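> all I have is the shape, not the residue letters:
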């Protein structure tokens, strides 16, 4: 495979990028000065060596701003640790921050396809439950917001997550079902404000703020 075809195939792996747009990216790079392509190559290399994943929320951050393996949000003493916001991807957090939300986050890493029989293959389900159990055991959790996009897969994922969280939210051990496990907390989802089919990544801060204030 020649380098043009190879790079085109790599661009096609990006979300929302089809063959035609992938080819346009390659043609654009070919039309640029060698220095531009070199800068892009170096930036991609540094992306892997100068970033890290937060051990608490699992979002990516630039090294140098961490707090003992935590991103600036999870490591901040000014955040409200009693509210945990579950989101699909890192980009959602940037938008939600502009809405004024000051709790903590957990990045699920995607949504669960409707036909999937193994939800844990598509989202960080086990990690999320472990995080929630730990926070509940510390008696510091009062609410978990399942803040997913208003899409079919988003709604499907929300229902599965709410079902998994319910025994923990009632203060019970999720395995034994009746043994006290920690403090109870509320499970909520975003209210009106987000139109059907919209993704949090592209929603404006005012819309997110409205959806947060009307969550239930």
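On my side now, so go ahead. All of these numbers come straight from a predicted model, not from anything done at the bench.

> do a quick rundown of the strands in the chain.
51-53, 60-62, 83-87, 104-107, 143-146, 186-189 (DSSP state E).

> count of neighbours near the residue lying closest to residue 120 once chain neighbours are set aside?
For residue 120, ignoring the flanking residues on the chain, the nearest one in space by CB to CB, 6 or more residues apart in numbering is residue 126 at 5.9 Å. (Each C-beta comes from the backbone N, C-alpha and C, glycine too.) Residues near residue 126, counting by other CB atoms under 10 Å, number 11.

> what does the pLDDT read for residue 126?
Per-residue confidence (pLDDT) for residue 126: 93.

> over to residue 107?
pLDDT, residue 107: 97.

> packing partners for the worst-scoring helix or strand of the chain on mean pLDDT?
Lowest on mean pLDDT, DSSP states H and E among the helices and strands of the chain sits helix 205-213, with a mean of 72. When contacts are defined as 3 or more CB pairs under 8 Å, 6 or more residues apart in numbering; DSSP states H and E, helix 205-213 sits against helix 90-98.

> what angle do the helix it packs on and strand 83-87 make?
Counting by axes from the mean of the first three to the mean of the last three CA atoms, to 10 degrees, helix 90-98 points 140 degrees away from the direction of strand 83-87.

> what does helix 90-98 rub up against?
Residues outside helix 90-98 that contact it (CB atoms under 8 Å, 6 or more residues apart in numbering) are 59-60, 73, 85, 87, 105, 107, 147, 199-205, 208.

> list just the nearest of the residues you listed to residue 188.
Nearest to residue 188 among the contacts of helix 90-98, counting by CB to CB, is residue 147 at 8.9 Å.

> select only the buried ones of the contacts of helix 90-98 in ChimeraX?
Selecting only the buried entries of these in ChimeraX, with 16 or more other CB atoms under 10 Å as the criterion:
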select :59,73,85,87,105,107,147,199,200,201,203,208
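
> out of the contacts of helix 90-98, which is nearest to residue 47?
Among the contacts of helix 90-98, residue 60 lies closest to residue 47 (CB to CB), at 9.0 Å.

> coming back round to it: pretty sure the residue nearest to residue 120 contacts residue 118?
No. Shown here, residue 126 and residue 118 do not form a contact pair, counting by CB atoms under 8 Å, at 11.7 Å.

> give me the low-pLDDT residue ranges for this structure?
For the chain, residues meeting the criterion pLDDT under 70 lie at 65-66, 172-183, 191-198, 210, 214, 216.

> which parts of this protein belong to which domain?
3-49, 80-213 (automatic domain parsing).

> so the spatially closest residue to residue 69 that is not a sequence neighbour versus residue 11, what's the distance?
The shortest distance from residue 69 to any non-neighbouring residue, by CB to CB, 6+ apart, is to residue 55 (4.5 Å). Distance of residue 55 to residue 11, given as CB to CB, to the nearest Å: 31 Å.

> and for residue 113?
Distance of residue 113 to residue 11, computed by CB to CB: 23 Å.

> in terms of neighbours, single out the busier of those two.
Per other CB under 10 Å, whichever of residue 113 and residue 11 has more neighbours is residue 11, with 17 against 14.

> so who does the residue lying closest to residue 152 once chain neighbours are set aside touch?
Leaving aside its sequence neighbours, residue 152 sits nearest to residue 114 (CB to CB, 6+ apart; 6.8 Å). Listed by CB under 8 Å, 6+ apart, the contact set of residue 114 reads 152, 153, 156.
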